[in-house]
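no sequence on this one, just coordinates:
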């Protein structure tokens, strides 16, 4: 059984993951409206990934016979000053999530909840990748502010092939639909 404090914080993290998914949908819609289809597709895919992270956490709590709460989330930011702003917001969000996941890890460790600690390890690895990806994308979008098609070209080159599923990823509730 997962430690009660860990269960409480993981339920809070589920809310953060769903909020991140909503924010990424808002980012994608902004880029769709700017006729930047690769940036839009990138953020639509990120939205699905964040939703699936929440569902992985849900499945863990179900498997641990712990209470799962389905949180409401605050409305995402939908107005952006320019093409850089959504990526800058995404990087800030990924850094915040990294801190939240690290806190979860520390809590599991402090509670002697080794199963939950093991579960969280995958998310730590994932956050390193997410921050690196957003950092690189932000640098590219900042350099190409006068010609956002350069960012589109970057995504076509660097993110063209869809990555396969990570076999080490936790199972998501609902089968990662």
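Good, I have the coordinates. Bear in mind the structure is a predicted one, so any value in this text is a computation, not a measurement.

okay, CA-based contacts and neighbour counts for the rest of this
Will do.

if I look at residue 147, how far off is residue 154?
12 Å (C-alpha to C-alpha, to the nearest Å).

quick one, which of these two is more surrounded?
Using other C-alpha atoms under 10 Å, the more surrounded residue of residue 147 and residue 154 is residue 154, with 17 against 11.

name the spans of this protein whose pLDDT lies under the cut-off.
161-163, 176-177 (pLDDT under 70).

where do the helices of it begin and end?
Along the chain, counting by DSSP state H, helices occupy 4-33, 37-63, 85-110, 114-143, 149-158.

distance to residue 76 added to the ones you listed, as TSV?
TSV is the format used below for the helices of the chain (distance: least, C-alpha to C-alpha, whole Å):
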stretch	distance to residue 76
helix 4-33	5
helix 37-63	12
helix 85-110	11
helix 114-143	18
helix 149-158	23
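
residue 72: which of these is closest?
helix 4-33 (7.0 Å; C-alpha to C-alpha).

in terms of secondary structure, what does the closest one contact?
Under the contact criterion of 3 or more C-alpha pairs under 8 Å, 6 or more residues apart in numbering; DSSP states H and E, helix 4-33 touches helix 37-63, helix 85-110.

quick one: it to helix 85-110, angle?
Using axes from the mean of the first three to the mean of the last three C-alpha atoms, to 10 degrees, the direction of helix 4-33 lies 170 degrees away from that of helix 85-110.

helix 4-33: which residues count as buried?
6-7, 9-11, 13-31 (16 or more other C-alpha atoms under 10 Å).

that one: how far from the chain's middle?
7 Å (C-alpha atoms, centre = their mean, to the nearest Å).

and the residue most central in space within the chain, what does it touch?
In the chain, the C-alpha nearest the mean C-alpha coordinate belongs to residue 50, at 3.9 Å (C-alpha atoms, centre = their mean). If you count contacts by C-alpha atoms under 8 Å, 6 or more residues apart in numbering, residue 50 has them with 17-18, 20-21.

about what we covered before: so which of the helices of the chain is nearest residue 172?
The nearest among the helices of the chain, by C-alpha to C-alpha, is helix 37-63 at 3.8 Å.
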